[in-house]
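Asker: predicted model follows, preceded by the sequence.
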Amino acid sequence: MILTIDEILTSEEHQQLIKSLSQGNFVDGQTTAGWHAKLVKHNTQLERGTSQFPKLTNLVTNALQRHLLFKLAVQPKYIHSLRFSRYEKGMSYGSHTDNALMGSGKQIFRSDVSFTLFLSSAHSYSGGELVIEKPEGELRYKLEARSILLYPSSFLHRVEPVIDGTRLVVVGWIESLIRDDNKREILFDIDTVRRSIFAKEGKTVEFDLLAKTHANLLRQWAE
């Protein structure tokens, strides 16, 4: 399932991110790329060792975790491996698949869902579209600032070259309680319907049956 959510950050959180990143030290993005992705990754990223990095990571993570639609759609177990990425004129990220496992030592996380949180206004730069490559065709995304794109980490995708301006984004990954994308979508659809029924009719027999089905599937599929 591919999903976009508008205004997942507040205006204050967005401004804080922009201000902090404008003062941050950015390094070659290839330092966090896999051995094959290094060949096509041309951007810069906020240096992880800075004091501001964990604060900004917590800001974004907290914003995601409080958003109901985000939680219902991805069933997050861990939100991990955030990168604050900057693309300037001529920079791009060629076709690649995200690593299945990320982290090191005892902290190894699965990447089930990828996300891109857009920080730059869509009108402030040219090019830089995120392209998801599916067998039936390509999907192109360039969202407004404060909006997020969620998509399965299994897809090939790329970032088109920036022609003018600066593309500033946060990218990250989610290890979901439900690793299979089709099962996550089934749970999301059932939950959407039961909430709609409850809003219109209250706690009906139909609501109870859907609630039971949702709970039993979650119990069966969760890891």
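Answerer: Everything's here; your move. Numbers count the residues shown, from 1 in each chain.
Asker: my guess is residue 60 contacts residue 116, does it?
Answerer: No. Counting by C-beta atoms under 8 Å, residue 116 is not a contact partner of residue 60; they are 11.7 Å apart. All C-beta spots, glycine's among them, are computed from the backbone N, C-alpha and C.
Asker: who touches both of these two?
Answerer: Between them, residue 60 and residue 116 share the neighbouring residues residue 170, with contact defined by C-beta atoms under 8 Å, 6 or more residues apart in numbering.
Asker: residue 168 and residue 18: what is the separation?
Answerer: Distance of residue 168 to residue 18, computed by C-beta to C-beta, to the nearest Å: 8 Å.
Asker: so those two - more neighbours on which side?
Answerer: residue 168 (24 against 13; other C-beta atoms under 10 Å).
Asker: from residue 126, how far off is that one?
Answerer: 14 Å.
Asker: what's the offset of the strand ranked longest in the chain from the middle of its chain?
Answerer: Ordering each strand of the chain by length in residues (DSSP state E) puts strand 76-87 first. Taking C-alpha atoms, centre = their mean, to the nearest Å, one finds the center of strand 76-87 at 7 Å from the center of the full chain.
Asker: ok, the helix or strand that comes right after it: who's next to it in the sheet?
Answerer: Next in sequence after strand 76-87, counting helices and strands by DSSP states H and E, comes strand 92-96. Here strand 92-96 is paired, per DSSP bridges, with strand 41-42 (antiparallel), strand 156-159 (antiparallel).
Asker: weakest of those in terms of mean pLDDT?
Answerer: If those are sorted by mean pLDDT, strand 41-42 sits at the bottom with a mean of 94.
Asker: which strands and helices sit next to the next helix or strand after it?
Answerer: Once strand 41-42 ends, the next helix or strand along the chain (criterion: DSSP H and E) is strand 44-46. With contacts taken as 3 or more C-beta pairs under 8 Å, 6 or more residues apart in numbering; DSSP states H and E, strand 44-46 sits against strand 26-28, helix 52-65, strand 76-87.
Asker: cool, thanks, talk later.
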